[in-house]
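**Student:** just the structure for this:
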Amino acid sequence: MRRIWASLVLGTLLATGCDRGSHPGNIGKPAPQFAISDGARTVDLSKLRGQVVVLNLWATFCAPCIEELPSLLALQRQMPELAVVAVSMDQDPDIYHRFLIKHHVDLVTIRDQDRRIFALYGTEQIPETYIIDRQGVLRRKFVSAQDWASPEITGYLSKL
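**Tutor:** This is a model prediction of the structure:
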C-alpha cells in the first residue's frame, strides 16, 4: 500500500513539475497590456487591437528560440495580417542587433532588458508564445519551440 501511495505522490509531483503553465489562468481574459521602447523601436500592445497578435518571448542565447525562429519568420511571411511581435530579454544591445542582422530577422522585435513583459506574463523559461485575438483577449500559450508554419498552427490562427 505504501508503494502505491508513494507512486501516486511521485507521479503527481512529476506531472505538476513538468507543467510550465501552458494553460495559464488568464486564458480567455484580456491580455496584460504593455508599451515598451528600447531606444530603437517602440511597441504598444494596445495599438495592435484589431489584429491577431503572436507575442513571442525569446533571447539570442536560447537554443530552442533560435530553433523556432525560421518558422516564426515563415509564419509572418505566410500570414502578413498577423502581428508577430518578438520580445527579447537580451541585455547587450550589440549582441542583439548583430543577431537580428545575421539571421535576417524582419519581424517586429524589441529588447526588454529589464524583463518587464516577461514578469507581466509570468514567463520564467523561454521561448513562450502567447496568442492574443483581435479583441485583445489571451487565447493560447505555447511553451517551448514550435513549428509556426505547421498546418495545425496556421489553421488555428486563421480561425481567429
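
**Student:** chain neighbours aside, what residue packs nearest to G39?
**Tutor:** Spatial nearest neighbour of G39, chain neighbours left out: P93 (7.6 Å); criterion: Cβ to Cβ, 6 or more residues apart in numbering. For the C-beta atoms, the positions are set from N, CA and C on the backbone; glycine is no exception.

**Student:** my read is that the one you found contacts R111, right?
**Tutor:** Yes. With contact defined as Cβ atoms under 8 Å, P93 counts as touching R111 (6.4 Å).

**Student:** list the neighbouring strands of the host helix or strand of I131 plus their orientation.
**Tutor:** Applying DSSP states H and E as the criterion places I131 in strand 128-132. Strands flanking strand 128-132 in the sheet, each with its direction: strand 53-58 (antiparallel), strand 138-143 (antiparallel) (DSSP bridges).

**Student:** tabulate these (JSON lines), appending distance to P64, mean pLDDT and mean neighbour count.
**Tutor:** Shown next, in JSON lines, are those (distance: least, Cβ to Cβ, whole Å; pLDDT from 0 to 100; neighbours: other Cβ atoms under 10 Å):
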{"stretch": "strand 53-58", "distance to P64": "9", "mean pLDDT": "98", "mean neighbour count": "24"}
{"stretch": "strand 138-143", "distance to P64": "10", "mean pLDDT": "96", "mean neighbour count": "18"}
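
**Student:** what's the burial count for the residue nearest to G39?
**Tutor:** 13 (other Cβ atoms under 10 Å).

**Student:** got the contact list for it?
**Tutor:** 38-39, 111, 113 (Cβ atoms under 8 Å, 6 or more residues apart in numbering).

**Student:** just the closest of these to Q78, please.
**Tutor:** R111 (25.5 Å; Cβ to Cβ).

**Student:** correct me if wrong: that closest one contacts F99.
**Tutor:** No. If you go by Cβ under 8 Å, R111 and F99 don't touch, sitting 10.4 Å apart.

**Student:** closest one to P32 among the strands paired with strand 128-132?
**Tutor:** Set against P32 and scored by Cβ to Cβ, these come closest in strand 138-143, at 8.0 Å.

**Student:** before we move on, the earlier item: same drill for R111 and F99, tell me which one is more crowded.
**Tutor:** R111 (25 against 19).

**Student:** the more buried one pairs with what?
**Tutor:** Applying DSSP bridges to R111 yields these beta-bridge partners: S88.

**Student:** residue ranges in the chain under the pLDDT threshold?
**Tutor:** Within the chain, the stretches with pLDDT under 70 are 1-25.
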